[in-house]
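A.B. asks: got a sequence here, can you model it:
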Amino acid sequence: MKTSRAFFNEVERRFDAMPFTLRAFEDEKKARMGVVECAKHELLQPFNEKEGQFVAQFKFTVLLMPNGPMRVTSGPFEPDLYKSEMEVQDEELKALLQTFASQKTQKKKKKKASKTAENATSGETLEENEAGD
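C.D. replies: Residues are numbered from 1 along each chain as shown. Down below sits the predicted model:
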């Protein structure tokens, strides 16, 4: 169908591999018709919710910095309040999950080290340089 093809092209252009809602389209009626056709031909996969189950979404903003990802915003999440029926069995994965995503960089004492490097190239010692100051 022409409508389904136009819908699929718009999905690929605007959303690529990300999930989307039909409300994001200009004509929701055509979008609903197009999504049925695309799902029938397995061009799109539905993201169904299970009957009687709760769905939780956690959203936050991450900045990709040179020294690693940095979480900028997040909502109040208390992991002690939520228990999963599943459990990670692999010990390596458990250890990985216990680590933090952000790595804190330690400040190094560059000022004294750079002063020593300058003196080494000029042939002076640190004491001679301080005596001259």
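A.B. asks: start to end distance for stretch 85-95?
C.D. replies: This stretch, stretch 85-95, spans 19 Å end to end (C-alpha to C-alpha, to the nearest Å).
A.B. asks: list of residues touching that stretch?
C.D. replies: Here stretch 85-95 makes contact (C-beta atoms under 8 Å, 6 or more residues apart in numbering) with residue 97. In this view, the C-beta of every residue, glycine as well, is placed from N, C-alpha and C.
A.B. asks: with stretch 52-62 instead?
C.D. replies: 49, 69, 70, 71, 72, 73, 74, 75, 77, 82.
A.B. asks: tell me the two of those that are most distant?
C.D. replies: For those, the farthest-apart pair by C-beta to C-beta is 49 and 70; their separation is 31.7 Å.
A.B. asks: between these two, which one's more packed in?
C.D. replies: When residue 49 and residue 70 are compared for neighbours, residue 70 comes out ahead with 12 against 9, by other C-beta atoms under 10 Å.
A.B. asks: in the chain, which residue is most central in space?
C.D. replies: residue 62 (5.7 Å; C-alpha atoms, centre = their mean).
A.B. asks: just the pLDDT for that residue.
C.D. replies: What the model reports as pLDDT for residue 62 is 87.
A.B. asks: before we move on, what about the one 4 residues further on?
C.D. replies: Residue 66 is assigned a predicted lDDT (pLDDT) of 92.
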